[in-house]
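Enquirer: compute the structure for the input listed below.
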Amino acid sequence: MFSKTLIVCDSCEYKTIKSALEAAQDGDTILVKEGIYKEANIKVTKSVSIIGEGMPVIDGNEEGEIITIGADNVTIDGFFIKNVGLSYTTEYAAVRVVNSKGFTIQNLKLEKLFFGIYLQRASHGKVLNNKITGEAVTEFNSGNGVHMWHCDFVEVRGNDVRNVRDGIYLEFSSNNTIEDNFTLNSVRYGLHFMFSHDNKVRNNVFESNGAGIALMFSKDMEVNNNVIKKNWGTASYGILLKEINDAKIINNEFRENTIAITVEGSNRIEYMHNDFISNGYALRMRGASYDCKIMHNNFLYNSFDLSYHGPMNRNVFDGNYWSDYTGYDLDKDGIGDVPYRPIKLFSYIVNRNAQAIILLRSLFIDIIDFSEKVSPIFTPDNLVDENPRMKRIAHDKDS
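Expert: Presented below is the predicted three-dimensional model:
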């Protein structure tokens, strides 16, 4: 049987998307002409491609979910979808994919939404080049831009997500790639992982979110070549690692965050070739983390490069560039001849009395920090970078 194209427009045989779906067979294409289509609860139960021409509008009129996909090999491409229903008991989405494989959701503009794209027990699909804009004020009256629950082998790439609860959320979802996305002004997290393993986060920008990335209760993660910036707030950070094992945080730029990276109970993490620039804290480690490597990073003009609690636990600091380092290099090999102690006594004080931060930059603080370097009493005496670099390290992304 040959596939066919069903055309939807005001003057066509099929005037609604629903009517074209009723007539379509597996493998058909539904071509929707430019216009406004007031439709909600569109059920896609056949393997079809629904293509918009001239960015037609699907207006759900706040009647609930707009498109629900329940078949394999479905493509939705090129629509402006708006006015999802709002409910505090049902998680309505602009587009939902349920128990499906081989789907492609691309080139959509989503507005006036609760959840944007909701993937539920879906796999081997693509979410590409969508513009998702919410109106979130608090995390309790808003949903996520791209929401993934029990999803594997999904590519989420090239999406622009703004003003939602979490920009991109994954729970019990593994072997996915999050790449080339931009999230802005998420109320909670730009990207949020829960119980999700073997995921890759590459070449994204996370800006001005409640917090940039939350990695929680997961393992075998890769966070590479991202820009994480301007995530400011009393409880904000660029990346949170909580109960994470065997992850690589490599080649990222952390700029102007309250805390660039905060770590709790995470083991065998490689923090390498990152730039920490003008953050409040660059790296805050709260103990119970073992066998981590903090190597070949640039720590530039942060208020505090490092806050560290507890014993060393075989964690290694080595070969980093520290803008506060004032040592010398007599043999001209590019490595300081004097080891560097990255923890300031003042950071120890601030951790116990936050109000003390008003003394930052004062001469008194400079004196006590110098005294602690000479003769450590409160800071770990074995927390040193034995091979501090004399010049900023050029990373792959700089070349």
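
Enquirer: so what's the closest residue to residue 4 other than its chain neighbours up against?
Expert: For residue 4, the nearest residue in space outside its immediate sequence neighbours is residue 28; the separation is 5.4 Å by CB to CB, 6 or more residues apart in numbering. Placement of C-beta: from N, CA and C, glycine included. If a contact means CB atoms under 8 Å, 6 or more residues apart in numbering, then residue 28 has 3-6, 46, 48-49 as its contacts.

Enquirer: at 10 Å what do you get?
Expert: Residue 28 makes contacts with 1-6, 20-21, 46-50, as judged by CB atoms under 10 Å, 6 or more residues apart in numbering.

Enquirer: also residue 68?
Expert: Contacts for residue 68 were tallied using CB under 10 Å, 6+ apart; they are 41-45, 93, 95-98, 118, 120.

Enquirer: coming back round to it: of the contacts of residue 28, which belong to helices?
Expert: Of the positions in these, 20-21 sit in helices, assigned by DSSP state H.

Enquirer: narrow the contacts of residue 28 to those that are buried.
Expert: Taking 16 or more other CB atoms under 10 Å as the criterion, what is buried in these is 6, 20-21, 46-50.

Enquirer: name the nearest of those residues relative to residue 329.
Expert: Of all the buried ones among the contacts of residue 28, the one with the least separation from residue 329 (CB to CB) is residue 49, at 62.4 Å.

Enquirer: once you drop chain neighbours, what's closest to the closest one?
Expert: In space, residue 49 comes closest to residue 75 once its chain neighbours are excluded; the distance is 4.1 Å by CB to CB, 6+ apart.

Enquirer: quick revisit: from residue 50, how far off is the residue nearest to residue 4?
Expert: Taking CB to CB, to the nearest Å as the measure, residue 28 falls 10 Å from residue 50.

Enquirer: who touches both of those two?
Expert: With CB under 10 Å, 6+ apart as the test, residue 28 and residue 50 both reach 6, 20-21.

Enquirer: circling back: now go through the contacts of residue 68 and say which are in helices.
Expert: Residues from the contacts of residue 68 lying in helices, with DSSP H as the criterion: none.

Enquirer: quick check, nearest of the residues you listed to residue 302?
Expert: Closest to residue 302 out of these is residue 118 (38.1 Å), distances taken as CB to CB.

Enquirer: any idea how many residues pack against that closest one?
Expert: By the criterion of other CB atoms under 10 Å, residue 118 has 25 neighbours.

Enquirer: swap in residue 96?
Expert: Number of residues near residue 96 (other CB under 10 Å) recorded here: 22.

Enquirer: please apply the same query to the one 4 residues further on.
Expert: When neighbours are defined as other CB under 10 Å, residue 100 has 22 of them.

Enquirer: from residue 117, how far off is it?
Expert: In this structure, residue 100 and residue 117 are separated by 13 Å, where distance is defined by CB to CB.

Enquirer: got the contact list for the residue nearest the centre of the chain?
Expert: Centre of the chain computed as the mean C-alpha position; nearest residue by CA atoms, centre = their mean is residue 191, 2.9 Å away. Each residue near residue 191 by CB under 10 Å, 6+ apart is listed here: 145-146, 156, 161, 166-170, 178, 181, 183, 199, 201, 204, 206, 209, 211-215, 223, 226, 228, 239.

Enquirer: which of the buried ones among the contacts of residue 28 fall within strands?
Expert: Secondary structure of the buried ones among the contacts of residue 28 is defined by DSSP state E; positions in strands are 6, 49-50.
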